[in-house]
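1. take a look and give me a structure for this.
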Amino acid sequence: MVTPEIREALEILKKARTLAVVGATPHQEKYGYKILEALQAAGYQVLPINPKYDAIAGVTCFPSLQALPLKPEIVVTVVPPEVTARIVDECSQLGLPVIWMQPGSWSEEIVARARDYGLKVVHDLCLLFSLKNLNFPDPSF
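-> Below is the predicted model of the structure:
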C-alpha cells in the first residue's frame, strides 16, 4: 500500500529537475555514488557535494551547498546524521526548500528542526527505490 508520505515524495521527485547530493563519492559500491548515477540516468541535473573531490562521474563536485552555481530543488543527504544536521541549517539559510534524508542520515530531532525551519522533508525513504517507482501512476509495493 502506498502511504501519503510516499505519494508526496514521488510528486516532489517528479517536479524536480536539479538535485544536490551531499555525500556524493566516486566509490561505486557506496550509496553516494549509486544515487548520483541513478539520478543522472533518470535525466536529472545532479550537483555532487563533497569537499574531498573535484569531480565525480565526470561532474564537477562542489565543497558545499554555498559553493553551488545554482539552487537545487532537492538536497539529498547521504551522510551521517551529525552532518545532515548542519546541512539542514544550510538549507534554511540558503532558501533551499526540500531536503531528502536517506535512511541512516537522519534522526527525529533533525527532522523536527528541518520542519521548524519550514523545509519540506522526506526521510527514511530510499531515493533509489523512489526513482524506480516514478513511472507507475499508482505504485503498489
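2. tell me the buried residues in the longest helix anywhere in the chain?
-> Counting residues, the longest helix in the chain under DSSP state H turns out to be helix 81-94. Buried residues in helix 81-94, counted by 16 or more other CB atoms under 10 Å: T84, A85, I87, V88, E90, C91, S92. From N, CA and C alone the C-beta is placed, and that goes for glycine too.
3. so Q66 versus W106, what's the distance?
-> Relative to W106, Q66 is positioned 22 Å away (CB to CB, to the nearest Å).
4. looking at those two, which is more packed in?
-> Just comparing Q66 and W106: by other CB atoms under 10 Å the higher neighbour count belongs to W106, 23 against 9.
5. tell me what the nearest residue to the more buried one once chain neighbours are set aside is bridged to.
-> Using CB to CB, 6 or more residues apart in numbering and skipping the chain neighbours, the partner closest in space to W106 is H123 (4.6 Å). For H123, the beta-bridge partners under DSSP bridges are M101.
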